[in-house]
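> Curious how this folds, go ahead:
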Amino acid sequence: VTKVSGLNGQLEAEIQGLKERAADASEELGRLQECIKEKEAAVSDLTSERDELANSHRRSMELGEQLRSEVKALKEHQAKISEEYDDLQDKFQEGQRLMEICTTEKEMLQSRIEQAEGDL
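Next up, the predicted model:
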């Protein structure tokens, strides 16, 4: 009976030790689960941030393409205006030349008129 009672005491001590270890393990498991939740939240935040950056990058690329297209259109428009300006400049110079001819002819006609009036 003493042996059984000694074994019972040993078993009870082992059971108490196992209970304490189980309680420690349960506490550690709770800490690990909390850590996992924190890590999952951090991963979720980083994933959201990555998605925002990817969207921002995509929008930037789209805007860059749009700006390149607008610059191309503006350069084409500038070339057209420059060509039109050159044409107008040529026409203006031709107009000035014609005015000089007309002025010269007017002066010659005026001189003839004055001479003809003098002859009369």
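> going forward, measure contacts and count neighbours with C-alpha atoms only.
Noted.
> In what element of secondary structure is Glu62 found?
Using DSSP states H and E, Glu62 maps to helix 2-119.
> State the distance from Leu7 to Ile15.
In this structure, Leu7 and Ile15 are 12 Å apart, going by Cα to Cα, to the nearest Å.
> cool, Tyr85 as well?
102 Å.
> One more: Glu94?
The spacing between Glu94 and Ile15, counted by Cα to Cα, is 116 Å.
> what do you get for Glu40?
For Glu40, the distance to Ile15 - Cα to Cα - is 36 Å.
> next one: Arg31
Taken as Cα to Cα, the span from Arg31 to Ile15 is 24 Å.
> which stretches of the protein have low pLDDT?
1 (pLDDT under 70).
> okay, which residue is most central for it?
Ser60 (1.8 Å; Cα atoms, centre = their mean).
> list the contacts for that residue?
Residues in contact with Ser60 (Cα atoms under 8 Å, 6 or more residues apart in numbering): none are found.
> What distance do you get for it to Leu53?
On the measure of Cα to Cα, Ser60 and Leu53 end up 10 Å apart.
> dump the residue contacts of Phe92.
By Cα under 8 Å, 6+ apart, Phe92 has no neighbours at all.
> again, only using 10 Å
86, 98 (Cα atoms under 10 Å, 6 or more residues apart in numbering).
> Can you give me the separation between it and Met99?
As judged by Cα to Cα, Phe92 and Met99 stand 10 Å apart.
> cool, Ala73 as well?
38 Å.
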